[in-house]
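Chemist: Sequence first, predicted model second:
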Protein chains: 2
Amino acid sequence: MREFELIDALRRRLVAARPDTRLGIGDDAAILAPPPEHELVVTTDTLIARRHFPGDTPAFDVGFKSVAVNLSDLGAMGADPAWLTISLGAPALSGPWCDAFIDGALAAIGERAVDIVGGDTTKNDTLTISITALGLVPRGAALRRDGARVGDLVAVTGTLGDAAAGLACWDTRRPAGGDEAMLIARLTRPSWRPGARVRGIARAAVDISDGLLSDLGHILAASAAGATIDVDALPCSPALARYAPDPALRRRLQATGGDDYELCLSVDPADLAAARGALDCPLTVIGRIDREPGLRLVDSNQNPLDSALFRHAGWDHFDGR
Amino acid sequence: MREFELIDALRRRLVAARPDTRLGIGDDAAILAPPPEHELVVTTDTLIARRHFPGDTPAFDVGFKSVAVNLSDLGAMGADPAWLTISLGAPALSGPWCDAFIDGALAAIGERAVDIVGGDTTKNDTLTISITALGLVPRGAALRRDGARVGDLVAVTGTLGDAAAGLACWDTRRPAGGDEAMLIARLTRPSWRPGARVRGIARAAVDISDGLLSDLGHILAASAAGATIDVDALPCSPALARYAPDPALRRRLQATGGDDYELCLSVDPADLAAARGALDCPLTVIGRIDREPGLRLVDSNQNPLDSALFRHAGWDHFDGR
């Protein structure tokens, strides 16, 4: 399929629906009309085959995940997602592959009013998807990393460690049981959390892409604070509990596993009930913001754990991993 | 250099300067405050080594060109550039390479108030740069492709064909004369045109990235019109005139060569002087918008030229070129 035909085929599927999308795909650029009294939140994330997802990931899941990780960043800012641009590079592109990719992208958007307003397709040696997501927040209302205060509760949405276990399951997934399928789905089709619901409630937020300890570290650094985390309090799915009955393995998957795309929030204890009421998913308290810098890990008996057990947390694309 | 160190090093160089950049690099996303009564113009362009630029292009030029082609799209919409995100994928990244890349990116921005507010660095088999550029226009004032009207003049900024000749010179550039160096510079460091200057003057605009005939075709399709173009009127640099004394070669380079990043405008004849006065570069009339659909090419004596001589105009990333 020639590029121009491919772009035409994609364009027909990507009809802009938002009233504030003045001009979608088809000119040198899109024209958007952000509402007054709002700020624009902008994030970019690139996903590369065999680095950010297994090389044999189906096109639907590639589309889903690429969009979800970007919408997750908007959620972590408390923004309502509004627009996306998608750059797709691949050794070859077929109509059916692109259709499945767009199906996945649209599934990640779900019922939200998000328009895909631009992008490009290019030949590249390795499948590479680069997405920019634009969201909206009322002026001054964005959730940032630097708002945590001593005494806040640290809380996370959903469950942790599933995606890391899913990655471990990936190569052995046939024949797969229900647990493996669920863990893999958490890897390939992560649910991003609509952090806009806790705008004005949470004090700080980050999404968990690189692993809890790594990402919470960003809140601590930006807020000039420390935290004590009860590793046994990390929320665990039934599938992960069965997959990793060894507590040491489970703790490690939950504390350092990437790709969960849950939110980690810093919340005033007085606002915890409001945060729980606002979210459409479980919110679990896992620790507390301290004055003393650094991250202290404890077990359910408040006994300190050696943080060296949790090293190599987070992704680093150039350290040879 | 580890990714986090690299990002820190880049971040130190990319301090946000615009007052409407509320939060630059360093959180899950940037926070921007577009001014009231304005619309946002958004474009994304990806450049890939050995496809969009020679594999041995210096880092400075890679940074320059990647930014310039995106700012060119904003210019073609009549937008004032405001913000960029830059995704950089490479087999390996060194501090000096990144510094030179950013030097080039900042040189393409020049004196304009443009903040780099996000992006990422990832390992990729092939050097891949994906940029999203955000610009601003007063509400309803963007230049679009669909505004051309029968009787308009077709005009182009600067000179055409230089970049295509520069690409032909690339492999033989040592020892290079002044002409070759100038033509190569047009390829690697294209001047993007601030189309905001002809906002409210030109009726339609497109930037010439794929070649004049291909890109003018977008205006004609969007405006449901045709055009007659005098191929001998295409503006020619002295360097190109010396490099391509054969008229057939020169016409072909000028009419179909990509990468010039000049603007092609459709202008009411009554507004030509205003357009020339507003721009900071030459504006040459090359033809006229007609009622009859399609593109007719003539020479300086108004004799028709066979358009088959100008086939294969424009880039197509998946047609095996």
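Modeler: Good, I have the coordinates. Numbers count the residues shown, from 1 in each chain, chains lettered A, B, ... in the order given.
Chemist: shaky segments in chain A?
Modeler: A:1-7, A:173-176, A:311-321 (pLDDT under 70).
Chemist: how about the strands in it?
Modeler: Secondary structure of chain A (DSSP state E): strands at A:21-23, A:30-32, A:38-48, A:80-90, A:115-123, A:128-138, A:153-157, A:204-207, A:226-230, A:263-267, A:283-290, A:294-298.
Chemist: So for B:Ala185, which of those strands sits nearest?
Modeler: Using C-beta to C-beta as the measure, strand A:115-123 is the one of the strands of chain A that comes nearest B:Ala185, at 24.1 Å. Placement of C-beta: from N, CA and C, glycine included.
Chemist: Run the angle between the closest one and strand B:128-138 for me.
Modeler: In terms of direction (axes from the mean of the first three to the mean of the last three C-alpha atoms, to 10 degrees), strand A:115-123 departs from strand B:128-138 by 140 degrees.
Chemist: Going by neighbour count, which residues of strand A:115-123 are buried?
Modeler: Of the residues in strand A:115-123, those scored as buried under the neighbour-count criterion (16 or more other C-beta atoms under 10 Å in any protein chain shown) are A:115-123.
Chemist: wait, what's in contact with the closest residue to A:Ala33 other than its chain neighbours?
Modeler: Spatially, and ignoring its direct neighbours in sequence, A:Ala33 is nearest to A:Asp20 (4.4 Å; C-beta to C-beta, 6 or more residues apart in numbering or on different chains). Residues in contact with A:Asp20 (C-beta atoms under 8 Å, 6 or more residues apart in numbering or on different chains) are A:32-35, A:82.
Chemist: In PyMOL, how would I select the buried members of those?
Modeler: With 16+ other C-beta under 10 Å as the criterion, this PyMOL line picks the buried residues out of the contacts of A:Asp20:
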select buried, chain A and resi 32+33+34+82
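Chemist: Could you export the contacts of A:Asp20 as a markdown table, including distance to B:Arg51?
Modeler: Listed next are the contacts of A:Asp20 as a markdown table, based on distance: C-beta to C-beta, whole Å:
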| residue | distance to B:Arg51 |
| --- | --- |
| A:Leu32 | 29 |
| A:Ala33 | 35 |
| A:Pro34 | 34 |
| A:Pro35 | 39 |
| A:Ala82 | 31 |
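Chemist: any idea how far A:Val137 is from A:Ala222?
Modeler: 18 Å (C-beta to C-beta, to the nearest Å).
Chemist: More neighbours: the two, which one.
Modeler: Summary of the neighbour comparison: A:Val137 and A:Ala222, criterion other C-beta atoms under 10 Å in any protein chain shown, with A:Val137 having more neighbours (22 against 17).
Chemist: That one pairs with what?
Modeler: Taking DSSP bridges as the rule, A:Val137 bridges to A:Glu39.
Chemist: is it true that it touches A:Ala205?
Modeler: No - under the criterion of C-beta atoms under 8 Å, A:Val137 makes no contact with A:Ala205, lying 12.0 Å away.
Chemist: Name the residues contacting each of those two.
Modeler: When contacts are counted by C-beta under 8 Å, 6+ apart, A:Val137 and A:Ala205 have A:77-78 as shared neighbours.
Chemist: Tell me how many other residues surround the closest residue in space to A:Asp271 that isn't next to it in sequence.
Modeler: Closest residue in space to A:Asp271, ignoring its immediate chain neighbours: A:Ile201 at 5.2 Å, by C-beta to C-beta, 6+ apart. Residues lying near A:Ile201 (other C-beta under 10 Å) number 20.
Chemist: Walking through the stretch 151-300 of chain A, point out its helices one by one.
Modeler: Listed in chain order, the helices of the stretch 151-300 of chain A (DSSP state H, counting those that start in this stretch) span A:162-170, A:178-188, A:212-223, A:238-243, A:247-256, A:272-278.
Chemist: Bridge partners for the closest residue to A:Gly119 other than its chain neighbours, pull those for me.
Modeler: For A:Gly119, the nearest residue in space outside its immediate sequence neighbours is A:Ile86; the separation is 3.9 Å by C-beta to C-beta, 6+ apart. In this structure, A:Ile86 has beta-bridge partners A:Gly119, A:Ile131, where bridges are defined by DSSP bridges.
Chemist: what's around A:Ile86, how many residues?
Modeler: Once other C-beta under 10 Å is used to define contacts, A:Ile86 is seen to have 25 neighbours.
Chemist: Quick check: it touching A:Ile116?
Modeler: Yes - using C-beta under 8 Å, A:Ile86 and A:Ile116 qualify as a contacting pair, with a distance of 6.1 Å.
Chemist: Now list whatever residues contact both of those two.
Modeler: Common contact partners of A:Ile86 and A:Ile116 (C-beta under 8 Å, 6+ apart): A:Ala105.
Chemist: Could you dump the strands of chain A into TSV with distance to B:Gly95 added?
Modeler: Written out in TSV, the entries for those read as follows (distance: least, C-beta to C-beta, whole Å):
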stretch	distance to B:Gly95
strand A:21-23	40
strand A:30-32	35
strand A:38-48	20
strand A:80-90	26
strand A:115-123	27
strand A:128-138	23
strand A:153-157	35
strand A:204-207	27
strand A:226-230	31
strand A:263-267	31
strand A:283-290	34
strand A:294-298	28
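Chemist: who wins for proximity to A:Gly147 among the ones you listed?
Modeler: Taking C-beta to C-beta as the criterion, A:Gly147 comes closest to strand A:204-207 out of the strands of chain A, the separation being 4.0 Å.
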